[in-house]
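**Q** Need the 3D shape of this:
(2 chains, ligands or ions: 2)
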Amino acid sequence: MPNDTASGYVLEMLGISKSFPGVQALNDVTLKVRPGTVHALMGENGAGKSTLMKCLFGIYREDSGDIVLKGAKVKFHSAKDALVSGVSMIHQELLNVPDRSVRENVWLGREPMRSFGPLRFLDHRKMHEDTAALMKSLDMEIDPADRMGGLSISKQQACEIAKAVSYDASVVVMDEPSSSLTETETEHLFRIIRDLRSRGVAVIYISHKMSEIFQIADEVSVMRDGRMVGTYAASELDEDGLIRLMVGRDTTDRFPPVASVPGEVRLEVRGLTAANPRSFRDVSFDLRRGEILGIGGLVGAQRTELVEALFGLREVASGEILVDGGLVRVRSPRDAISHGLGLITEDRRGSGIFPLLSVTVNTSVASLGRYLGKARLLEHRRIESEAAKLNEALRTKTPSMGTQIQNLSGGNQQKVLVSRWLMTLPDILIMDEPTRGIDVGAKYEIYTIMAELARNGKSIIMVSSEMPELLGMSHRIMVLCAGRHTGTLEGKQATQENIMRLATQFV
Amino acid sequence: MAASSTVTAQAPARGLRAFLSKNTNIVTFVVLALALGALTGGRAFGLDSIQNLLIAESVRAFAALGVGMIIITRGIDLSIGYVVCLVASVSASFAQTPDYAAALYAGKDFVILVPIAAGLMTGALCGLVNGLLVAYGKLPAFIATLGTLSIARGLQLIYTKAAVVGSLKQPFKNISQGSLGPVPYLAIYVAFAAFVVWVLLRHTRRGTNFYAIGGNPVAARVSGINVERELVMVYLYAGVLYGIAGVLQAGRLGLANALTANGMELDAIAAVTVGGVSQTGGVGTMGGMIVGVLTLGIINYGMTYLGVDSYYQLLMKGVIIIVAVFMDMNKNARR
Ligand SMILES: Nc1ncnc2c1ncn2[C@@H]1O[C@H](COP(=O)(O)OP(=O)(O)OP(=O)(O)O)[C@@H](O)[C@H]1O
Ligand SMILES: [Mg+2]
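**A** Residues are numbered from 1 along each chain as shown, chains lettered A, B, ... in the order given. Ligands and ions are numbered 1, 2, ... in the order given. Predicted coordinates:
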């Protein structure tokens, strides 16, 4: 794509401001992006990154400021305008139609047509072939005919990436595209990004994973509290320097010390096998009091399926679950909760938040039973203060406790979900990708809370695709591969190499 | 991290404007009321007129409260009209004067409690069936209640042999027709029911569960909510409210026949939708439901008062409903 503007920038966002009731989300923000570069946009949860991109994409209308694309001032009234003008976007939250096929999702709104006299019909064959060709060109193994909702979250994310690329845009925005990808898949994404860059496309890349930024970005813009701090060449920054710019102060360690010493066995799982024959089989392990057990593995290792089965969300064919030595039957989340379990699911939108309900309700919904007063009526005041206290501890950024959770930034929604399960006072807390989409500062708060729970004799299972987190926070790391337990690593043996070896044992 | 990153960073916008833009349903009602007042020089708001308005809308209000709660859980109920009709017929059949030769139970004199209990139980039973079909049968609410609609209609015709159930005892009629000073009993019953629904939705765990289920059923299940049981309960509660509506309707009209309460489901659904209960689930309040009922009531009443031809009334009603809901939805649209 030619560098056809005098300024040398393909996109200029000049002095953008945007406020929502009670929040100044953007305050005079300027962002300039050169063609053929990867431009990282960094900032803490709620800094305004997604809002800025939504203004660009025509989803929000900025209160003031100008957007200049390829030298011409533009005003997009809808996502369609933006797409037509060569701006495509991968959204932070999956926005697909789960009940339609992959190919229909990819071509949604611009389906290939076939004329039949004066009539026009969908060209299903072309749609299929184009999708197959697209997937092939990107090295993705996804059948265009599959139902979107039936795919794993990471495959769905891959489809979003394919779709964004297929628009042939000159600016591609990626809002946390890697948050549900494993490292291998992220590598794959980077190959795609480098290819786009070599074709002159500008990629705006948002992520909370520091290491990615230095692998892929040419330039880095940092936002803080709705303002632009500055734009830097990636080569002139290092990780600590970048974090300092983001949070506005020096940071110390990445992980708090996990001081607890595991005690007696709380949870014992023996030969657990899923009813679905393609899922996990014959998994045994135990979890001790005060222990943090990490579960590692590649996507498709059935880690989520395993913890969902423990929580009564998936059917089990055989095997036993013992809590404190007693055999328990877990047929529904209700049973699981009554045995002291809690689960933070990985799919924030699908099985996590209640978008239209307040932060308070979203925090308290699983523990209302503890807040019944006279005549079993809810004690609103106690509920609200408890919910506020938990969210304050995690530094959830919200205009008020009554705000609908859908108006919070992605990372802040995740913090509310963590608060929800802390409020249930679980003995055994299962966290599936607990820090997905959470900024460095808040990650530390969550790790601190995990360490503290463990010190107070609670037990934690943490499913994670982030190696540093697994290595930094777990007493032991159990590795799954293709639904089987391939080993548990402890102490000196817990290394990245060993985890990868076990995780790829059958592939 | 900056100090502003706490929960109570800034207070949300307050004031009259914010309130009004959030509550377009109230604005609609006030505008319509003022328009009617202006058009009639205030004459439309005599004591008589207000009493008539309250009486006319009361029965519908029970149905609206019931279906409003159902819609909050992301459900729908199409069976209301014929369930209320069946309830009215069953209830009336136990309240006929014993010396009336054509009475269903001619010669039998039941105490006043019998027709009331029979009506409430019929309503509750219909609601229970709806609830079980939706919650455990996993039928879409639209289909399940379409089925019970037809069943209720059939039962009503079989039970009454398609005849009018008339000649009701005066004490039974007095339950609906009496008044306390200037206030009709019916309005008092509605106020009481509305209060109970408010407490339920706002102050009980079950009410919160209703909103959660409507807002995201999967997340509700993961949060340990017994989704099936709560769904049965919401249809059951609605059934009881339809039961009350049926009993009162029989008493108010002094009879029940196959036409009683026909089309009430549409009026009730329209009313709560105008009142801000969203079909997408998880949104709505008791106050909104009642405002919706009154809004539809003032439309009906105002046009009758102004002498608008009844065919045009239907047309106007449709237009006003669409405009009101359109405005209400757009307040949530792009900002
Ligand atoms: N629709 C909305 N209504 C009200 N407030 C909003 C809305 N969208 C965003 N905000 C607020 O604007 C601020 C910026 O949010 P934004 O989503 O841009 O953050 P972000 O930088 O993308 O954070 P994250 O890393 O968590 O995704 C937040 O305080 C958020 O609460
Ligand atoms: Mg964001």
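**Q** pretty sure residue A:381 is in a helix, no?
**A** Yes: Residue A:381 forms part of a helix when assessed by DSSP: H, G, I helix; E, B strand; the rest coil.
**Q** May I ask which helix or strand encompasses the residue nearest to the spatial centre of chain B?
**A** Residue closest to the average C-alpha location in chain B (Cα atoms, centre = their mean): residue B:64, at 1.6 Å. Per DSSP states H and E, residue B:64 falls inside helix B:47-72.
**Q** near chain A, anything from that helix?
**A** No: judged by Cβ under 8 Å from any Cβ of the partner chain, helix B:47-72 makes no contact with chain A; its nearest approach is 10.7 Å. Any C-beta I mention is one placed from the backbone N, CA and C, and that applies to glycine too.
**Q** Tell me the helices and strands packed up against that helix.
**A** Applying 3 or more Cβ pairs under 8 Å, 6 or more residues apart in numbering or on different chains; DSSP states H and E, we find helix B:47-72 packed against helix B:80-93, strand B:183-184, helix B:185-203, helix B:205-215, helix B:227-253, helix B:264-274, helix B:286-305.
**Q** sorry, back to before: so who does the residue nearest to the centre of chain B touch?
**A** Contacts for residue B:64 were tallied using Cβ atoms under 8 Å, 6 or more residues apart in numbering or on different chains; they are B:267, B:268, B:271, B:272, B:275, B:289, B:290, B:292, B:293.
**Q** In TSV: the residues you listed, plus distance to ligand 2, pLDDT and neighbour count.
**A** Formatted as TSV, the contacts of residue B:64 follow (distance: Cβ to the ion, whole Å; pLDDT from 0 to 100; neighbours: other Cβ atoms under 10 Å in any protein chain shown):
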residue	distance to ligand 2	pLDDT	neighbour count
B:267	44	91	22
B:268	41	95	34
B:271	39	93	29
B:272	35	94	31
B:275	34	91	29
B:289	36	96	32
B:290	39	96	26
B:292	37	93	31
B:293	41	94	29
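**Q** what's the most distant pair in those?
**A** B:267 and B:290 (14.0 Å; Cβ to Cβ).
**Q** about what we covered before: report the separation between the residue nearest to the centre of chain B and chain A.
**A** For residue B:64, the distance to chain A equals 21 Å [Cβ to the nearest Cβ, to the nearest Å].
**Q** backbone phi and psi for the residue of chain A positioned farthest from its centre, please?
**A** Using Cα atoms, centre = their mean, the residue of chain A lying farthest from its centre is residue A:117. It sits 47.3 Å away. Dihedral angles of residue A:117 (phi, psi; degrees, to the nearest 10) stand at phi 60, psi -130.
**Q** quick one: it from residue A:125, how far?
**A** Plainly put, residue A:117 is 19 Å away from residue A:125 if you go by Cβ to Cβ, to the nearest Å.
**Q** and what of residue A:9?
**A** 41 Å.
**Q** So the helix or strand of chain B with the lowest mean pLDDT, near chain A or not?
**A** Ranked by mean pLDDT, DSSP states H and E, the weakest helix or strand in chain B is helix B:15-22, scoring a mean of 72. Yes: counting by Cβ under 8 Å from any Cβ, chain A is contacted by helix B:15-22 at residue B:18.
**Q** Return the list of helices and strands in contact with the following helix or strand past that helix.
**A** Next along the chain after helix B:15-22, taking DSSP H and E as the criterion, comes helix B:24-39. On a contact count with 3+ Cβ pairs under 8 Å, 6+ apart, helix B:24-39 meets helix B:286-305, helix B:310-330.
**Q** tell me the angle of helix B:24-39 relative to helix B:47-72?
**A** Per axes from the mean of the first three to the mean of the last three Cα atoms, to 10 degrees, the angle that helix B:24-39 makes with helix B:47-72 is 160 degrees.
**Q** Give the burial count for the closest residue to residue A:99 other than its chain neighbours, as a bare number.
**A** Spatial nearest neighbour of residue A:99, excluding adjacent residues (Cβ to Cβ, 6 or more residues apart in numbering or on different chains): residue A:149 at 6.0 Å. Residue A:149: 13 surrounding residues under other Cβ atoms under 10 Å in any protein chain shown.
**Q** Just to check, residue A:149 is in contact with residue A:102?
**A** No: counting by Cβ atoms under 8 Å, residue A:102 is not a contact partner of residue A:149; they are 10.4 Å apart.
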